[in-house]
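[1] Please find the sequence and the predicted model below.
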Amino acid sequence: MNIIISNSSGRPIYEQITSQLKQLILTGGLKPHDMLPSMRLLAKELRISVITTKRAYEDLEKDGFIYTVVGKGSFVADTDQELLREEHLKQVEDHLEMAVRQARQAGISQEEVLEILEMLFEEV
């Protein structure tokens, strides 16, 4: 598993781990019931605190992406299709929010943005 931590990203490390693991699950890089590295092993590999990996795993479990079996470890959960759809919607919203901010900074109107979006839907 290849998780990249950036000290200059401005995002907390546990959020970086959480988002990268979610992305691996959403794209099929991690399949249901795949075992994740132990919190200690991941912390050692990333050279971070075990508390940080614990927080990331807790957030993933709370969001329904992983489950933990005491004494056995943490595993990728069977992802509910509605949960997957909701996570994809959130990602699209985040990207569109960034695009709207850039459009406003560049003086691009809402109509122009919608026209671009409609063109992209037709092309892709």
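    Structure received.
[2] can you list contacts of stretch 58-75?
    14, 18, 21-22, 25, 33-36, 38-39, 57, 76-77, 79-80, 83 (CB atoms under 8 Å, 6 or more residues apart in numbering). For every residue, glycine as well, the C-beta is placed using N, CA and C.
[3] how about a cut-off of 6 Å?
    18, 21, 22, 25, 33, 35, 36, 38, 57, 76, 77, 83 (CB atoms under 6 Å, 6 or more residues apart in numbering).
[4] who touches the second one in this structure?
    Put plainly, it is residue 21. Counting by CB under 6 Å, 6+ apart, residue 21 has contacts residue 60.
[5] After the helix or strand of the chain with the lowest mean pLDDT, which helix or strand is next?
    Across the helices and strands of the chain, mean pLDDT, DSSP states H and E gives its lowest value to helix 81-106, namely a mean of 88. Using DSSP states H and E, the helix or strand that follows helix 81-106 in sequence is helix 110-123.
[6] which intervals of the protein have sub-threshold pLDDT?
    Scanning the chain for pLDDT under 70 picks out nothing.
[7] per the record, what domains does it have?
    As assigned by automatic domain parsing, the chain contains the domains 13-76, 81-123.
[8] Could you say which of those domains is packed most deeply?
    Mean neighbour count, computed with mean count of other CB atoms under 10 Å, is highest for domain 13-76 among those, reaching a mean of 16.
[9] Assign the residue nearest the centre of the chain to helix, strand or coil.
    With distances taken as CA atoms, centre = their mean, the residue of the chain nearest its centroid is residue 19 (2.7 Å). Per DSSP: H, G, I helix; E, B strand; the rest coil, the local secondary structure of residue 19 is helix.
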